[in-house]
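Colleague: turn this into a model:
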Amino acid sequence: MRAVLDTNVLFPTILREILCDLAQEGRFTALWSERILEEWRRAALRIGPDAGAVAGAEIAMLRLRFPDAILPDDGQAVIDLNFPDPADRHVAEAALAGQASLIVTANLRDFPQGLMAGLGLRAIHPDAFLLDLFREDPASVTRIVRAACDKAVAMGGDMTPVQMLKRGKLPRLAKAVGG
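Modeller: Residues are numbered from 1 along each chain as shown. Just a heads-up that it's a prediction; the model follows:
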């Protein structure tokens, strides 16, 4: 399965770590565009120059880790469609260019179901996406979640995997992993 990861699922470190580790294990093919990565960098810069520098380094590492993930987003196929936020057209463009069936995003309202279906796409919240992957292979997802938590704790965090997932707005996955 091929899925475009929207900016809002790449920017949060824990969520990005979990998604990318699952992609690295072959659970799905992660895709994005240059514009998605640039949106991430700009969002981090709004926090401050240090956060922007960290995002730049994380983006560089992501490019090395997934060299085939970057897709074009030229805006031609969906230019005339009425997106709630026209600035999100490029995400659908990237999905079409990458022959992805899914857009993983926390902003479902920006990708209406009817509009997406007409393009042969489906927008899915990261909690639902990860829960689907958990149902397919609970052991792998649990291991990856625990590894992300261990990494966060090693960097000074202090939370359980369930707390981490709830904080990351993944309550259904938290319940599945914790239960």
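Colleague: let me see the domain layout of this protein.
Modeller: 2-125, 131-178 (automatic domain parsing).
Colleague: could those be laid out in a markdown table, adding mean pLDDT and mean neighbour count?
Modeller: C-beta coordinates here come from the backbone N, C-alpha and C atoms, glycine included. Putting those into a markdown table (pLDDT from 0 to 100; neighbours: other C-beta atoms under 10 Å) gives the following:
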| stretch | mean pLDDT | mean neighbour count |
| --- | --- | --- |
| domain 2-125 | 91 | 17 |
| domain 131-178 | 90 | 17 |
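Colleague: now for the helix or strand hosting L173, which elements pack on it?
Modeller: If you go by DSSP states H and E, L173 is part of helix 171-178. Here helix 171-178 touches helix 126-136, helix 138-154, helix 161-167, going by 3 or more C-beta pairs under 8 Å, 6 or more residues apart in numbering; DSSP states H and E.
Colleague: would you reformat those helices as TSV and include distance to R46?
Modeller: Output for the helices and strands packed on helix 171-178, formatted as TSV (distance: least, C-beta to C-beta, whole Å):
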stretch	distance to R46
helix 126-136	21
helix 138-154	22
helix 161-167	20
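Colleague: to D88, which of those lies closest?
Modeller: Of all those, helix 126-136 sits nearest to D88, with 16.1 Å by C-beta to C-beta.
Colleague: pull up the gap between the residue in the chain sticking out farthest from the centre and R35, please.
Modeller: The outermost residue of the chain relative to its centre, with distances by C-alpha atoms, centre = their mean, is D80 at 25.8 Å. D80 is 19 Å from R35, where distance means C-beta to C-beta, to the nearest Å.
Colleague: what do you get for L119?
Modeller: In terms of C-beta to C-beta, L119 sits 18 Å off from R35.
Colleague: A117 now?
Modeller: From A117 to R35 the distance is 23 Å (C-beta to C-beta).
Colleague: just L62 next, same as before
Modeller: Taking C-beta to C-beta as the measure, L62 falls 14 Å from R35.
Colleague: could you do I70 as well?
Modeller: I70 sits 10 Å away from R35, going by C-beta to C-beta.
Colleague: ok so, going back, spell out the secondary structure type for the residue farthest from the centre of the chain.
Modeller: Following DSSP: H, G, I helix; E, B strand; the rest coil, the label given to D80 is coil.
Colleague: how close does it get to Q99?
Modeller: Following C-beta to C-beta, the distance that separates D80 from Q99 is 21 Å.
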